[in-house]
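**Q** give the three-dimensional model of this entry:
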Amino acid sequence: MVLFWPVTILAGAVILVVWWLYRINQNLTSLPPEVLKLSAEEWTDEQIRSAWKKFEREGHNFVKYLPPKQNRRYVVVGGSGQLSPMPSLRFPFLRVTPLALFAKMRVRITVLY
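**A** You can find the predicted model right below:
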């Protein structure tokens with residue numbers, strides 16, 4: 001009789017936690033009908049393959065979506081190297097001349113005006 005209330009409270013807490021996790025899972029794995037109306041149709045495997053073949057064949061010219069060139073000088077310093085040199089490798093696409101780039105191929109980017 002001494003352990004009745006602690007066991008009951010513990011069992012109730014476990015049931016509440018399991019119910020809460022179930023509800024979170026349901027909310028994360030389903031979409032509301034309003035969102036389903038706004039979403040596009042799902043692509044078939046054939047559409048995905050044809051889009052990939054088109055991309056391999058023609059490529060994608062994303063340079064037209066970039067902002068206009070600005071006369072700035074960039075110094076890339078610091079960082080641990082965990083993100084690789086990707087920020088520095090993007091500078092040519094931003095129309096930055098090689099002379100304006102002093103890079104140690106790291107993460108932090110400072111804009112010098």
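
**Q** what does the average pLDDT come to for the helix ranked longest in the chain?
**A** As assigned by DSSP state H, the longest helix anywhere in the chain is helix 4-29. Averaged over helix 4-29, pLDDT sits at 93.

**Q** other SSEs contacting that helix?
**A** Here helix 4-29 touches no other helix or strand, going by 3 or more CB pairs under 8 Å, 6 or more residues apart in numbering; DSSP states H and E. Placement of C-beta: from N, CA and C, glycine included.

**Q** got the CA positions of stretch 50-60 in CSV?
**A** Below are the C-alpha coordinates for stretch 50-60, written out as CSV (Å, rounded to 0.1, in the frame of the first residue of the first chain):
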residue,chain,number,x,y,z
SER,A,50,14.3,13.5,-67.1
ALA,A,51,15.0,16.7,-65.1
TRP,A,52,18.4,15.4,-64.0
LYS,A,53,19.3,14.5,-67.6
LYS,A,54,18.3,17.9,-68.7
PHE,A,55,20.4,19.5,-66.0
GLU,A,56,23.4,17.4,-66.9
ARG,A,57,22.9,18.2,-70.6
GLU,A,58,22.3,22.0,-70.3
GLY,A,59,23.5,22.9,-66.8
HIS,A,60,22.0,25.7,-64.9
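
**Q** what mean pLDDT does it have?
**A** Mean pLDDT, stretch 50-60: 88.

**Q** packing partners for the helix or strand just after the longest helix of the chain?
**A** Remark: after helix 4-29, the chain's next helix or strand is helix 33-38, criterion DSSP states H and E. Contacting helix 33-38 under the criterion 3+ CB pairs under 8 Å, 6+ apart is no other helix or strand.

**Q** just the C-alphas of helix 33-38, formatted as PDB.
**A** Coordinates of each C-alpha in helix 33-38 appear next as PDB, following Å, rounded to 0.1, in the frame of the first residue of the first chain:
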ATOM      1  CA  PRO A  33      -5.600  19.900 -45.800                       C
ATOM      2  CA  GLU A  34      -4.900  23.600 -46.400                       C
ATOM      3  CA  VAL A  35      -1.300  23.000 -47.000                       C
ATOM      4  CA  LEU A  36      -2.000  20.000 -49.300                       C
ATOM      5  CA  LYS A  37      -4.200  22.200 -51.500                       C
ATOM      6  CA  LEU A  38      -1.300  24.700 -51.900                       C
END
